[in-house]
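Engineer: model this:
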Amino acid sequence: MRKELLRKEIWVRKLFKDGFINNTVQYNQVDVTTKNNNSFIRGIDFSNSKIIHEFASEISVISDQHLIKLHFSLEGTYCYQPLKHIKYLVRIPENHCNMFYYPTTEGRDIFFKGSAKLFEVYVKPSLLQNLLGDQFEHSFSKLKNAISNSNSFVLWDKSKFIPPNIRSKINDIIQCPYKGDIRKTYLESKLTVLIIDFLLGRQTSKLSKDNVRLLNADYMALVKVEDYIRKNLKESLKIMDLAEIAGFNATKLKRDFKKLYGVTIFKYITALRMEIAKSLITQDGVSIAHAAYEVGYANPQHFTTAFKRTMGYVPSELKPAVQ
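Structural biologist: I've put the predicted structure just below:
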């Protein structure tokens, strides 16, 4: 199989033919794997019909109509760059998200070496106006102007982390247990809540209102710390060790982490541990004691106390009642 620059041709009428919410929303899952220094991708409908493609690292993207895209990097780092307005390079690290606007001009998806899992939601601009009403005019005037002038738009200069509640909603969509007509009803309700919470939810709204000004090097250092936290929840996470990873002193790490992620570093760690534990219990069926161990709690009772304080209920409520 010959490596080449692949083309992702988005024909809007075809994309939304079997879409959701009055055929104005469509979602997509993308998997990138790397074997023997070759990258393979699945989950994108290119101009040819093969399911798996070998590619170099970039994909040429063109759309025949205006589109808004919500992008969630579940694993790996992704970038999008419109060729007309190259200053709008959108970099979305692992466990981060952003929203940007596809004008009808050409752009490119850029993937870094290694594996990646992406969740994408394509939205017709008319949906946001209908769904958000007055809030669209109030909160997204810059997006409205970009659409009117066919200019590129990115919601956040620095992509934000995916809040645990948003990741949970994405997992609900990916793991939809239903088929037939009820599947469409279920997915439409989940996509509606996902879009509203992503744009107007308390966590993301708080982050959006904060005009985060960080040097790119500092931003990437914080992303590195967040990545380490997520991959080492079983370990004792000490502020001095995390500061060393960032190359900051402890005071700068705590200040800048809260500035970027909207919560203190310790609250972030706890919330992430509880969300992972919830997923282990509900999706993998593990015991509460095992879930507690997997997220760094040797004492299940201490875990239960932290879980109730964070989630508002005890973890045993996640287990189905014995008949």
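Engineer: just the helices in this protein please.
Structural biologist: Counting by DSSP state H, the chain has helices at residues 12-15, 125-132, 134-139, 141-149, 164-174, 180-200, 202-209, 216-231, 239-246, 250-261, 265-283, 288-294, 300-311.
Engineer: how much space between the closest residue to W11 other than its chain neighbours and F248?
Structural biologist: With sequence-adjacent residues excluded and distances taken as C-beta to C-beta, 6 or more residues apart in numbering, W11 is closest to D64, at 5.6 Å. Placement of C-beta: from N, CA and C, glycine included. Taking C-beta to C-beta, to the nearest Å as the measure, D64 and F248 are separated by 46 Å.
Engineer: ok, the two, which is more surrounded?
Structural biologist: Shown here are D64 and F248; by other C-beta atoms under 10 Å, F248 has more neighbours (19 against 13).
Engineer: Does the more buried one touch K224 like I think?
Structural biologist: No. Contact criterion C-beta atoms under 8 Å: F248 and K224 do not qualify, at 10.8 Å.
Engineer: hey, least reliable of the helices of the chain by pLDDT?
Structural biologist: Mean pLDDT values for the helices of the chain show the minimum at helix 202-209, a mean of 54.
Engineer: what sits against the nearest residue to N98 once chain neighbours are set aside?
Structural biologist: Spatial nearest neighbour of N98, excluding adjacent residues (C-beta to C-beta, 6+ apart): S159 at 4.3 Å. Shown in contact with S159 (C-beta atoms under 8 Å, 6 or more residues apart in numbering): S73, V90, R91, I92, P93, H96, C97, N98.
Engineer: So for the fifth one, what's the pLDDT?
Structural biologist: Read it as P93. pLDDT for P93: 91.
Engineer: From K254, how far off is it?
Structural biologist: 20 Å.
Engineer: Please say which of these two ends up with more neighbours.
Structural biologist: In this view P93 and K254 are compared by other C-beta under 10 Å, and P93 has more residues nearby, 22 against 17.
Engineer: Isn't that one up against S73?
Structural biologist: Yes. The criterion here is C-beta under 8 Å, and P93 meets it with S73 at 6.3 Å.
Engineer: And the pLDDT at A56?
Structural biologist: 73.
Engineer: before we move on, the earlier item: so what does the residue nearest to W11 have for phi and psi?
Structural biologist: Per-residue torsions, D64: phi -90, psi -10 (degrees, to the nearest 10).
Engineer: got the contact list for it?
Structural biologist: By C-beta under 8 Å, 6+ apart, the neighbours of D64 are I10, W11, V12, T104.
Engineer: and if you look at F100?
Structural biologist: I68, K69, H71, Y80, Y88, V90, S152, F153, V154, L155.
Engineer: Excluding covalently adjacent residues, which one is nearest to it?
Structural biologist: Using C-beta to C-beta, 6+ apart, the nearest residue to F100 is V154, at 4.5 Å.
Engineer: ok, that neighbour - contacts?
Structural biologist: Neighbouring residues of V154 by C-beta under 8 Å, 6+ apart: Y88, V90, N98, M99, F100, Y101.
Engineer: would JSON lines of the residues you listed with pLDDT and distance to K278 be doable?
Structural biologist: Converted to JSON lines, the contacts of V154 look like this (pLDDT from 0 to 100; distance: C-beta to C-beta, whole Å):
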{"residue": "Y88", "pLDDT": "71", "distance to K278": "36"}
{"residue": "V90", "pLDDT": "88", "distance to K278": "30"}
{"residue": "N98", "pLDDT": "94", "distance to K278": "25"}
{"residue": "M99", "pLDDT": "93", "distance to K278": "26"}
{"residue": "F100", "pLDDT": "91", "distance to K278": "30"}
{"residue": "Y101", "pLDDT": "89", "distance to K278": "34"}
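Engineer: Before we move on, what's the pLDDT of the most centrally placed residue in the chain?
Structural biologist: Of all residues in the chain, the one closest to the mean position by C-alpha atoms, centre = their mean is F72, 2.4 Å from it. The per-residue pLDDT reported for F72 equals 97.
Engineer: Spit out the contact partners of it.
Structural biologist: So F72 contacts I92, C97, L118, F119, E120, I162, I166, R167, I170 (C-beta under 8 Å, 6+ apart).
Engineer: Specify the beta-bridge partners of the fourth one.
Structural biologist: Going by DSSP bridges, F119 is paired in beta bridges with Q29, F72.
Engineer: per-residue confidence at it?
Structural biologist: 96.
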